[in-house]
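Visitor: the following block contains a protein sequence and its predicted model.
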Amino acid sequence: MLFRSMEVMDCTVAITKDAGGIVTGCEIWAPTQAPDGLAKTAAPLLGLDPTLAADMAKIKVNTTYMGGGLGRKIENDTATQAVKVALALNKPVKLIWPREEDFARDWFRPSALSRVIVGLDAAGKIVGWANRIVSPSLARSHGRVPAATGDGISIGGAVKLLYATGPRLVEYVEQLAPNLQIGFWRSVGESISCFVVESAIDECALAAGVDPLQYRLNLLGANTPVKNVLQAAATLGGWGTPLAAGRARGIALSPGFGSTAAVVAEIYLNATGGVVVDQLSCAVDCGVAVNPDQVVSQIEGGLLHGLSSARWHKVTLEKGVMKNINFGEYRMGRMADTPKIKVTIVNQGSALGGMGEVGVPGVAPALANAYAKLTGTRKRSLPLGV
């Protein structure tokens, strides 16, 4: 899966030199998520020392509008190329990648294989939980050595479960991927582990013969704030109200980034047997919603991002060459695919939680849980292909 910014990668560079050809200044315009990192990456190319304040003062980075960042624009490959070209030509350079190059040189979301083994007692209560995750290390892909206990970025969403599970074991096995550019993707490890955890919880609820919402509430015990988020999403999504034949709902809890969200997906099958996602309902607690309209906008965008990735996003390589080099070979959700969206904000604290990632992780498991309810078929891999 690619990261897909709708605006192609671009960068503008203007370099000044003295009479001896020594760089005296460099100004960069780029839609970057990491302006300081970009400057430090550019410094050695310019003959400057990134550890010296006087040298770094010669570099000015102007952060332009993102046009979509989503983890892709934390990488500095485009800026590196632009700086090298500007140095070679000794002129200001405006670099814009064509869409085909944008696709072909993208960074991949880490692959992952996750196995969950759950023990249930006679009443359906979880009494043991084991989760082994095999995935490339995002830390290693960016020049850091992952901790012996695991890459905390890659296994986010797996290690700090809110549910009562009895004894819990989470193991991380690093999959080396030296020939792939592995990078950050909106909601990183949470988007992987939320799908696994919330799908497993739904299967436990089915085995226990308990409504999936009530099963989650039972596992949360005295955690009233999180239970309030779940119940708010359920109310918003009409959980428990009668459905017409051929319709189903699925629910998922998605904590992370200092916030908590819950998603309810309502789906049905059209006349040809295709899945139609009719409605996504989300409740979010970010502590304090300083700008409620922005919170709602972030959730709406995250839900649509999560929906496209959950249903369709995948890439194909043939002899190491990307086959998906434009949107004709990489399906994005369109207006006709967009469901009704409902969002409610549940303010329950004084802290400021994150919002940029929160709307994404819960969509895939909510959709998979609804699909399992509707068809009796459990989808355990992404994209769901529905």
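Guide: On my side now, so go ahead.

Visitor: what's the closest non-adjacent residue to Ala104?
Guide: Distance criterion C-beta to C-beta, 6 or more residues apart in numbering; nearest residue to Ala104, sequence neighbours excluded, is Met322 at 4.9 Å. Where C-beta positions appear, they are placed from N, C-alpha and C, glycine not excepted.

Visitor: count the residues that sit near the one you found.
Guide: For Met322, the count of nearby residues is 18 (other C-beta atoms under 10 Å).

Visitor: residues contacting it?
Guide: By C-beta atoms under 8 Å, 6 or more residues apart in numbering, the contact list for Met322 reads 103-104, 315-316.

Visitor: and Ser281, that's in a strand?
Guide: Yes: the assignment for Ser281, made by DSSP: H, G, I helix; E, B strand; the rest coil, places it in a strand.

Visitor: that one pairs with what?
Guide: Following DSSP bridges, Ser281 is listed with bridge partners Val264, Lys342.

Visitor: just checking, it touches Lys342?
Guide: Yes: using C-beta atoms under 8 Å, Ser281 is in contact with Lys342, at 4.3 Å.

Visitor: confirm that Asn131 sits in a strand.
Guide: Yes: under three-state DSSP, Asn131 sits within a strand.

Visitor: can you pull the pLDDT of it?
Guide: Looking at Asn131, its pLDDT stands at 97.

Visitor: circling back to that earlier point, filter the contacts of Met322 down to the buried ones and hand me the PyMOL line.
Guide: A single PyMOL command selects the buried members of the contacts of Met322 (16 or more other C-beta atoms under 10 Å):
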select buried, resi 103+104+315
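
Visitor: circling back: any figure for the gap between the residue nearest to Ala104 and Asn291?
Guide: From Met322 across to Asn291, the span is 39 Å (C-beta to C-beta, to the nearest Å).

Visitor: same question, Lys379
Guide: Separation of Lys379 from Asn291 (C-beta to C-beta) stands at 36 Å.

Visitor: neighbour count winner among these two?
Guide: Ranked by neighbour count (other C-beta under 10 Å), Lys379 and Asn291 place Lys379 first, with 20 against 10.

Visitor: quick one: secondary structure of that one?
Guide: Following three-state DSSP, the label given to Lys379 is coil.

Visitor: which element, helix or strand, includes the closest residue to Arg378 other than its chain neighbours?
Guide: Excluding the flanking residues, the one nearest Arg378 by C-beta to C-beta, 6+ apart is Ala372, at 4.7 Å. Assigned by DSSP states H and E, Ala372 falls within helix 363-375.

Visitor: hmm, Arg380 and the residue nearest to Arg378 touching each other?
Guide: No: in this structure, Ala372 is not within contact of Arg380 by C-beta under 8 Å, at 9.8 Å.
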